[in-house]
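# What follows is a predicted structure for the sequence shown.
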Amino acid sequence: MIDYLPHRTLLRLLVVLMLVTAPHLPRLPLWESAAIALIVLWRAVASSRQWALPPQALKLALAIAAFVGVYASFGRITGQNAGVALLVLMVALKLTEMRSRRDVMVVMFLMYFLLVTHFLNSQEIWTIAYLFVSVIAITAVLVDAHHPGEPLPLRQSVHMGGRMIVHALPVMLLFFVLFPRIPGPLWGLPNDAGPPRSGLSDSMSPGDISQLMLSSEVAFRVRFEGPAPSKDQQYWRGPVFSDFNGRTWRQSSADLLDRSPPTVEAIDPVRIRYELTLEPMRSRWLFALDVPDPRALPPDSRIERSGALVVDRLITERRLVRGVSAPRYRLDPVLDDEDRERTTFVPEESNPRTAELALQWRDGGMDDEAIVNAALRMFRDEPFFYTLEPPRLGRHAADEFLFDTRRGFCEHYSSAFAVLMREAGVPARVVTGYQGMEANDFGDYFVVRQSDAHAWNEVWLEGRGWIRIDPTAMVHPSRIEQSTLAVMESLSRRGEGLDEFQRLRYMLEDQWDAINARWNEWVLGYGPEMQARFLELFGLADTQRMLLALTIGVCGSLALIGLIAMRRSSPPRITERALLLWRDATRRLARFGYAQRPDEGPRDFVQRVIGREPELADPLGIVLDAYLRLRYAGESSAALERDFALALKRIRRPSAR
Amino acid sequence: MRRETGDERRETGGTAAALLPSLVSLLPFLHPLRWLRQRIDAWVLARVHKRPGPIEVPRNRVYIVPTRFGWGFALMCIVMLAGAMNYSNSMAFALSFLLMGLGLVCMHHTHANLVHVQLRAGRVRPIYAGEPAHFEIVVDNAASHVRYALAASWARETNAEPASDVPAQGFTSVNLSRIAPRRGWLEAGIFEISTEFPLGLFHAWTWAHLDMRCLVFPHPARPGVPPPLSAGSGGTAGAGRSGQDEFAGLRDYQRGDAMRSIHWKSLPKSGTPMVKLFSETVEQALWLNWDSAPGQDIEARLSQLARWILDADGEGRAYGLRLPGVNLAPGLGEMHRFECLKALALFGREK
């Protein structure tokens, strides 16, 4: 086997290939990681032992096996995850037929391309470092591949790759800032696009939220224009569930199909304006502060019948939402019969004891508001406990929770409360979302984490519309279970019981989060809106001006880089006076056909010219003498230089005299 | 050369000759890009003049176009950019813009790798017709940075010699070879110095025409025909160098003289080596005559004479050469052989 690349260059290429594939390995099936490692290892040994490359049939079989393997592991060969898995495998397989310059270039380009697939899964701040390290490494190998013979010393090729990347940086920055961004997607995304993230789902079954509540992942960050809302207003509205089948709460299809907005009547003119940077959770909810003002919706979003702010496409990228909310509102003051029927529906023969209690209250002559208050009083006064490790509930979940176990968290409280209300004929529904937030001391923003996921209720009262009721909040703090309290404290990062070490840790984490938030906002969130807003400061709001500025900037920086590169290839500037004068003399002589030959010293050259042109003997004699004395005898005198310069002027075309 | 073949073709096959121009006129439509490239190349090549050298490659004489890998790289950048737009992925934007910048920067680096090198003619050894002539081109780098991977080739020919580096403030020589079809002077013609370093995305080149030529001796005829007895003085040419030769004197050493003919005794005295001359060698010198070479064809006769010269030189016999208008006295050694072969090579060629 004769490789196109020298052995050492090939080894460097394999190392860089491993660097580029490494972040993908944890996401790939085990067999694939093993196969890639084996192929790379085999290629290294094959190159040093001069083994033959595999025959065509074997390569074809391997390629087919790759497709089959990916299909077996992912159930598909398209889509983001399977596609990347296939791409990584194909790059590795390309090694088995890397024999010409073309193959080498294909592998190089694929390595650049593999880098970009990594960013589909993670765009954390550290990936920028990874990007630069990898691009420099690949470029260095590309430089190596174009150097004939012995490979360049490692330091030198890395230096060259690094220098080119440094030169490319200004162009990159100009493009990044000025290239007109258009709102994506161009052709639609695969349904597994984006990094895998947790978040609220579009239904609520027992246990869904408790998983989420143990995660300290950031759900979104928010910054307020003006004062932050008080604690009892920090409800971030997500999916609203009106349909109940006895076990699972779902969004009502009637709510989803009816695209008309709800009626929101603001009670007073107070508005809360905020900027929310939403982490991609593969959902459609924007989690507006309760309740979004339908007259000031963020672009591309709409408000659902249930009052939730949504977009039409799944959110797979971090998204900036500028929201306006009315903290004191009346939501849907009029409820039609159909809605009333739907929001009071409970399946027959489920939760008989709850139904009995509701009936008892209703028969006692209590009106809707009194029933709500009675239920809340029950949660507050009777021994209900808050725990993240509740006992399992059977068929009549509300019955068992309200009368037997009395231990649970928001999901149980809101579900049981809604059932109780409905049994009593009060329209009720479950609202999920986030509750609370946590200030970051290093940036003027607040963080809402997955651990802030919450479920509460809304009941509809005549004349007041849908009113928010949080039954979980009724549980007295002393009845929060010790273990749950510990979990909550560890997640909340605040409180009295922290020692110095934890305080320091949380402070550093806050600081890191503030840096991340800035990264998210300025780099990752730099989309069409942000770009327009930012460039407006420089008077470059429209696309035409952006393109003009981009063109001027890129041409300017490239011209500068061209100059720098060209300077390196120019001969070093002559600064020595004697050399400059001598150069003048040779230039004058060259004008009438005398060039110093490479094998000729100055003395021989001058003598040759004098032999042909005796008239020049006098000035040339002075020039030669002065040059030799200045340059070689180590003399330095202004007088000598002046003589030199004067004699120079007398070197003229002999025929002219 | 090409013109001649065209003329022949026109004489022999009328229809083919009539078809050819019409086919050529179709080229702009069949391969517009290739046609355009050829037109541009022809325009530029017509403006490359022969110069004695050294030629410093100026900025405006460095031409640069993307290689097919350069186009591939651009395509990859576009695909990446489209992906970044589709996913609204900032890091993907950053990477595709960085790579776009890298491509553009690479253009300048490739250009700078070639600009301001100096080209001068190196040695060219004379050869025999039918052999490849090697033209040595010396590439000087006055800059204080290395030039990497410079390759030389004849203009518009693709088979380049392996590329080599030129050290900082140093030089390197590259060789270009071309088969010499006929005796006489073979002009080097226009050649190309090119580079694709550092990333292979761009091909930068310059065309230069150095005043260099290669002396091509006639192709020696097959051995076998013995030289005729010379018509000069002395008659016993076949007797060789046997017997006691009469010492005839000393002359200065010339390169190629046999080691055993050096007069070692005189070396310490004179300081320069002297060579013994024997009367026999002089008198029994072989005269190689134009008239005595068999055949009527000029080239065949010259080939035969070249063969005899080589044979005589190999045997160490002095020989002289008589051509119409040329008379080279008998002698021996490398210089003498060169003069004789040169006379053959240029016979009838120079005014």
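Cool, the structure landed.
# dump the residue contacts of the closest residue to residue A:256 other than its chain neighbours.
Distance criterion Cβ to Cβ, 6 or more residues apart in numbering or on different chains; nearest residue to residue A:256, sequence neighbours excluded, is residue A:304 at 7.2 Å. Yep, even glycine has a C-beta here, placed from its N, CA and C like the rest. Taking Cβ atoms under 8 Å, 6 or more residues apart in numbering or on different chains, we find residue A:304 in contact with A:240, A:255-256, A:262, A:310.
# Apply 10 Å and report the result again.
By Cβ atoms under 10 Å, 6 or more residues apart in numbering or on different chains, the contact set of residue A:304 is A:237, A:239-240, A:251, A:255-256, A:258-262, A:284-285, A:310.
# so where's the stretch 501-650 of chain A uncertain?
Within the stretch 501-650 of chain A, not a single segment meets pLDDT under 70.
# Tell me which stretches of it form helices.
Counting by DSSP state H, counting those that start in this stretch, the stretch 501-650 of chain A has helices at residues A:528-536, A:543-569, A:577-591, A:602-612, A:617-631, A:638-649.
# Remind me what the fifth one packs against, helices and strands.
By that I understand helix A:617-631. Here helix A:617-631 touches helix A:577-591, helix A:602-612, helix A:638-649, going by 3 or more Cβ pairs under 10 Å, 6 or more residues apart in numbering or on different chains; DSSP states H and E.
# Now mean neighbour count and distance to residue A:141 too, for those helices, in JSON lines please.
Below are the helices and strands packed on helix A:617-631 laid out as JSON lines (neighbours: other Cβ atoms under 10 Å in any protein chain shown; distance: least, Cβ to Cβ, whole Å):
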{"stretch": "helix A:577-591", "mean neighbour count": "16", "distance to residue A:141": "42"}
{"stretch": "helix A:602-612", "mean neighbour count": "15", "distance to residue A:141": "47"}
{"stretch": "helix A:638-649", "mean neighbour count": "15", "distance to residue A:141": "52"}
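# who wins for proximity to residue A:326 among those helices?
With Cβ to Cβ, the closest approach to residue A:326 among the helices and strands packed on helix A:617-631 belongs to helix A:577-591: 80.5 Å.
# Return the residues of the stretch 251-400 of chain A in contact with chain B.
Taking Cβ under 10 Å from any Cβ of the partner chain as the measure of proximity, the stretch 251-400 of chain A contacts chain B at A:316-319.
# Which PyMOL command selects the buried ones in the residues you listed?
Selecting just the buried residues from these in PyMOL takes one command, with 16 or more other Cβ atoms under 10 Å in any protein chain shown as the test:
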select buried, chain A and resi 316+317+318+319
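# circling back to that earlier point, who wins for neighbours among the contacts of residue A:304?
Within the contacts of residue A:304, residue A:237 tops the neighbour count with 27 neighbours, counted by other Cβ atoms under 10 Å in any protein chain shown.
# Quick one: end-to-end length of stretch B:138-148, please.
End-to-end distance of stretch B:138-148 (Cα to Cα, to the nearest Å): 15 Å.
# Helices of the stretch 351-500 of chain A, start to end?
Assigned by DSSP H, counting those that start in this stretch, the helices in the stretch 351-500 of chain A fall at A:352-363, A:368-381, A:397-399, A:410-423, A:482-492, A:500-519.
# Residues contacting the third one, please?
Defining contact as Cβ under 10 Å, 6+ apart, one finds that helix A:397-399 is touched by A:206, A:244, A:246-247, A:346, A:350-357, A:393, A:405, A:408, A:412, A:415-420, A:422-423.
# now those residues: which count as buried?
Taking 16+ other Cβ under 10 Å as the criterion, what is buried in the contacts of helix A:397-399 is A:206, A:244, A:346, A:350-351, A:354-355, A:357, A:393, A:405, A:408, A:412, A:415-420, A:422-423.
# Show me which of the residues of the stretch 251-400 of chain A next to chain B is closest to chain B.
Using Cβ to the nearest Cβ, residue A:317 is the member of these that lies nearest chain B, at 4.9 Å.
# In contact with the nearest residue to that closest one once chain neighbours are set aside, which residues are there?
Spatial nearest neighbour of residue A:317, chain neighbours left out: residue B:88 (4.9 Å); criterion: Cβ to Cβ, 6+ apart. Contacts for residue B:88 were tallied using Cβ under 10 Å, 6+ apart; they are A:181-186, A:189, A:316-319, A:524-528.
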